[in-house]
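Undergrad: Starting from these lines, generate the structure:
(2 chains)
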Amino acid sequence: MSEGVYFGRFDEAAFADSLSAADGDPTLRDLRARAFEAYSALPAPSAQDEEWRRTDPARIPFERVTPLPPPALCAGPLWSAPEHEVFDVVVTVSEEGIGIADRSGVLRAGRCAVERVEDRARRSPAEVAAVWRGAAISAAAGNGLPPDKIEAFIGAFAATGIWIEVAPGATLGRGILIHHRLRRPESLAAWRTVANVGAGGALTLVEWVEGGGAGGILASSREVYVAEGARARAIALQQAAPDATVLAVDGARVARDGEYDSVAAHLGGALARTKAGVELAGAGARARLGGIAALDGQRHIDQRTLQVHSAPDTTSDLLYRAIVKDTARSVFQGVIVARRGAQRIDAYQRNNNLILNDGARADSLPGLLIDADDLKCTHGSTIGHLDPEALFYLRSRGLSAPAARRLLIEAFAGAIVERLPHPPLRDRLRAAVAEGW
Amino acid sequence: MKELKTDSRLVEDYKYGFTSAVEEDTVPPGLNEEIVRYISRKKGEPEWMLDFRLKALQRWRRKTEPRWALVDYPPIDYQAIRYFSAPRSYAYGGKEGALADPEVKKTFERLGIPLEERARFEGVAVDAVFDSVSVATTHQKMLEDLGIVFCAFSEAVQKHPDLVRKYLGTVVPPADNFFAALNSAVFTDGSFCYVPPGVKCPIELSTYFRINAAGTGQFERTLIIADRGAQVSYLEGCTAPMRDENQLHAAVVELIALEDATIKYSTVQNWYPGDDQGRGGIYNFVTKRGHCRGARSRISWTQVEVGSAITWKYPSCILEGDYSTGEFYSVAFTNRKMQADTGTKMIHIGRHTRSTVVSKGISAGESRNTYRGLVRIEPGATDARNHSSCDSLLIGDRCSANTFPCVESETSDAVIEHEATTSRISEDQVFYLRSRGLTAEAARSIIVNGFCREVFKQLPMEFAVEAVKLLEIKMEGSIG
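TA: Next up is the predicted model:
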């Protein structure tokens, strides 16, 4: 038995501590132990690796953080916010605990279930074991993709998780909000979310992350399984503290004639590293992936995306946009994979970057891996600046220079901001993107 | 029966696959200081050239072979390769001796390469390289009158040591990468060209590379310098016999364009690609780089890659001079089990620099065709512009086409655009052409030609015609 390779202080002893702090459901313990095995067996990322060349893994403060204990289940919501009004179910998560509020009675009516994974595992362990393997991206991509150490790390150390189940044919008009507010400094908050949307069902899921204590790590994974003919919308609104580190892994698998629509908005954090993947596993499945990031100061974001077409007649459409200023840096790396037999697919990938001043940096690496022949695969990427002519025009119409800039930046972000279905969150995102530019 | 048909198609397909019974003067396989000294001695090189080689050999020993490209091949035994091979006639009589060797002459005749200045190829000066040595260079007198130096690399080391010393290794330093270091240690021949200030070279300069001997590698070195305001267009062609072993070709090409100079570099690469089972073929691991050193200079690469079992090649431009321009036009065709990982790098350093990338990849059979590119805008490279388009065409459902562009920008006013598409030949277009009386094969050939047109039109006329024909031959039987 060879020595494991660990991130900072997250070794075997730390894992044992983390396990004993949890409530001890044997199914989850076993699944986490397996994830820990995978995590410790994988080599540590280094700046020499092609994957980490642009984002120094040493910037992730694994040395300094301690894991948070799993939050207890509280009755009712922990706090309320005006944005909560527009949802069917609101889950509030903080150091104090997890509160689930059934605002419109969908839980009582049995149209969907929202619970802690511990509680679910106790009732139906086999069902949880089938999904909770700690590999969101691998779930999206199937096999053939190198395992990811960060993903395995989340699988091992995520002390909590939310399990969502939408009954076949049930439609949640307003959707579910998971609202995180974390404040403890130098801590690791790791959690997972799994959503299963039954055949013909529809779900809108919003994960809104605020805070993150100073110098902390927020590590999360989200998996969405879209059954036949079902629809899922998954939105991540990340407004972490300015010196927090964000690690996020999102995956989705879409069955025949299913539809998946995701938006990832990254506005906070000193360093964010995200992976988002979707597998179009059944004929006729469709996916739309959107991303917006706005960065200033010395902030850094590294986003990876994966569109895997493993069934014929599937379509995917990706649009990721980033705005950078000061000495911020954005890295985008996206891949479209067309598996053998994925005929008549249509895949699109577009990355646009807006650099607001010299010294800011954007790297764009779109990629195509094509093994089928009857298809249409296209990608485009641009890196540019605010068009001086457009600025001049707006100023000639009486706008001040800052107002004109703001308007153009809002327009650039607009294509993604508009995809948010809930007006209060849309306004929040729009304001955050345009603020202070 | 089916086997037979495949075989005859193969022969038809690669008509350059013959071997010539030339008596070769060669060294034992292996790479060590002794061999490097032997090559240097054989070429009567001065001390500094030997030094350059030995240092490169040391660097090479410390380097590891790059494996990031999307190509699979078994480990190469670098000690099993012969690093020098020349027609025996060359050893006794030098260039004249080699040219008098009827077998060498016949080889180039069969390849259709004119070694005498014939009327038909009046506009092209040729340097012919047979295994490790240059055997003929035409039109030298006429070029000399203009002050243009165009000769074999080894000849340049003798006759123009100052020029070679000044520029050699300044674009691709010996420590640049594994294969460049290998080449710097053992390079044997290649072309050298210097165009003096203000001179526009009136004819096309070209080099024809031929690998003949078995178990050898070819390591040629090309260095082209266009002085201030000079212009030159250079062509390169390559073929090799059909053998069921893999042969290594690791070349280094350096282009230097000073103020207001223009260099146009075109390649038609048709090394033997191996057979249907993927046996044999050339491993083409090449480092090509141009340096736009002066203001308003321009370097344009055009490549038509239809051969080699494996291609690993990224002709690049370093745009250092203000207002300099870099261009890259490429057609890469892969069939059977061929693998190509090719593309370009455009490094913008100067202000107001421009670059254009047009890449067309066609994959058929069970081949793998990858575009890999980098566009980098350095801080301070204000007003940089780049446009890249990479299109892939797939023929059949067992091949793959991959695109990995990388765009990095550190300035606020750069405009960079990249687009890529992957598709197959449209059934509608084929149907239309068939309805006009064309066979399916002819229709597809026309569509592929149209797909590549943007690149072919960059080639000098004679070569554009050749390229179209070549692609037609290569495509035969690849459509099912």
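
Undergrad: Report the next helix or strand after the helix or strand of chain A with the lowest mean pLDDT in sequence order.
TA: The helix or strand of chain A with the poorest confidence is helix A:136-141; it has a mean of 53 (mean pLDDT, DSSP states H and E). Counting by DSSP states H and E, the next helix or strand C-terminal to helix A:136-141 is helix A:149-157.

Undergrad: Show me what the mean pLDDT comes to for that following helix.
TA: Here helix A:149-157 scores 88 as its mean pLDDT.

Undergrad: helices and strands around that helix, which ones?
TA: In terms of contacts (3 or more CB pairs under 8 Å, 6 or more residues apart in numbering or on different chains; DSSP states H and E), helix A:149-157 is packed against helix A:12-21, helix A:26-41, helix A:136-141, strand A:187-197, strand A:217-226, strand A:245-254. All C-beta spots, glycine's among them, are computed from the backbone N, C-alpha and C.

Undergrad: Next up, the contacts around A:Phe412.
TA: A:321, A:323, A:352, A:354 (CB atoms under 8 Å, 6 or more residues apart in numbering or on different chains).

Undergrad: burial count for the residue of the stretch 251-400 of chain B found nearest chain A?
TA: Nearest residue of the stretch 251-400 of chain B to chain A (CB to the nearest CB) works out as B:Leu394 at 4.0 Å. By other CB atoms under 10 Å in any protein chain shown, the residues close to B:Leu394 number 26.

Undergrad: From B:Phe52, how far out is the most centrally placed residue in chain A?
TA: Per CA atoms, centre = their mean, the C-alpha nearest to the average position across chain A is that of A:Asp250, at 4.5 Å. Computed as CB to CB, to the nearest Å, the A:Asp250 to B:Phe52 distance reads 53 Å.

Undergrad: cool, and B:Lys288?
TA: 19 Å.

Undergrad: same question, B:Leu255
TA: 19 Å.

Undergrad: what's the residue of the stretch 251-400 of chain B closest to chain A in contact with, if anything?
TA: Counted by CB under 8 Å, 6+ apart, B:Leu394 has contacts A:370, A:372-373, A:375, B:363, B:401, B:422-424.

Undergrad: 7 Å instead, please
TA: A:370, A:373, B:363, B:401, B:422, B:424 (CB atoms under 7 Å, 6 or more residues apart in numbering or on different chains).

Undergrad: Just the buried residues out of these, in ChimeraX syntax.
TA: Per 16 or more other CB atoms under 10 Å in any protein chain shown, the buried members of those correspond to this ChimeraX selection:
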select /A:370,373 /B:363,401,422,424
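
Undergrad: can you pull out the strands in the stretch 301-450 of chain B?
TA: B:310-313, B:316-319, B:325-334, B:339-348, B:354-363, B:368-377, B:385-394, B:400-409, B:415-424 (DSSP state E, counting those that start in this stretch).

Undergrad: Paired strands for the fourth one, with orientation please.
TA: As defined by DSSP bridges, the strand partners of strand B:339-348 come to strand B:310-313 (parallel), strand B:316-319 (parallel), strand B:368-377 (parallel).

Undergrad: Kindly report the same for the third one.
TA: Strand B:325-334 has the following strand partners under DSSP bridges: strand B:298-305 (parallel), strand B:354-363 (parallel).

Undergrad: what residues does it touch?
TA: Residues contacting strand B:325-334 (CB under 7 Å, 6+ apart): B:292, B:298-306, B:311, B:315, B:317, B:319, B:340, B:342, B:344, B:346, B:354-363, B:367-369, B:452, B:455, B:458, B:471, B:474.

Undergrad: Any buried residues in it, and which?
TA: In strand B:325-334, counting by 16+ other CB under 10 Å, buried: B:325-334.

Undergrad: How about the contacts made by the residue in the stretch 201-350 of chain A that chain B sits nearest to?
TA: Per CB to the nearest CB, A:Arg340 is where the stretch 201-350 of chain A lies closest to chain B, at 6.9 Å. By CB under 7 Å, 6+ apart, the contact set of A:Arg340 is A:371-372, B:397.

Undergrad: where does chain A come near chain B, residue by residue?
TA: A:50, A:340, A:355-358, A:360-385 (CB under 7 Å from any CB of the partner chain).

Undergrad: got the helices and strands packed on helix A:149-157 as TSV, with distance to B:Thr222 columns?
TA: Output for the helices and strands packed on helix A:149-157, formatted as TSV (distance: least, CB to CB, whole Å):
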stretch	distance to B:Thr222
helix A:12-21	57
helix A:26-41	48
helix A:136-141	43
strand A:187-197	56
strand A:217-226	52
strand A:245-254	48
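
Undergrad: Lowest average pLDDT across those?
TA: The minimum mean pLDDT among those belongs to helix A:136-141 (a mean of 53).

Undergrad: if we can go back for a sec, who has more neighbours, B:Leu255 and B:Phe52?
TA: Using other CB under 10 Å as the criterion, B:Leu255 and B:Phe52 rank with B:Leu255 on top: 31 against 20.

Undergrad: For the more buried one, give me the backbone phi and psi.
TA: phi -120, psi 140 (degrees, to the nearest 10).

Undergrad: what sits opposite it in the beta ladder?
TA: B:Ile224, B:Gly290.

Undergrad: Now A:Ala152: closest residue in space that isn't a chain neighbour?
TA: Excluding the flanking residues, the one nearest A:Ala152 by CB to CB, 6 or more residues apart in numbering or on different chains is A:Tyr39, at 3.7 Å.

Undergrad: can you check B:Ala226 too?
TA: B:Ala261 (3.6 Å).

Undergrad: How far does the helix or strand harbouring A:Gly334 sit from its chain's centre?
TA: Element membership for A:Gly334, per DSSP H and E: strand A:329-338. Average the C-alpha atoms of strand A:329-338, do the same for its chain, and the two points are 15 Å apart (CA atoms, centre = their mean, to the nearest Å).
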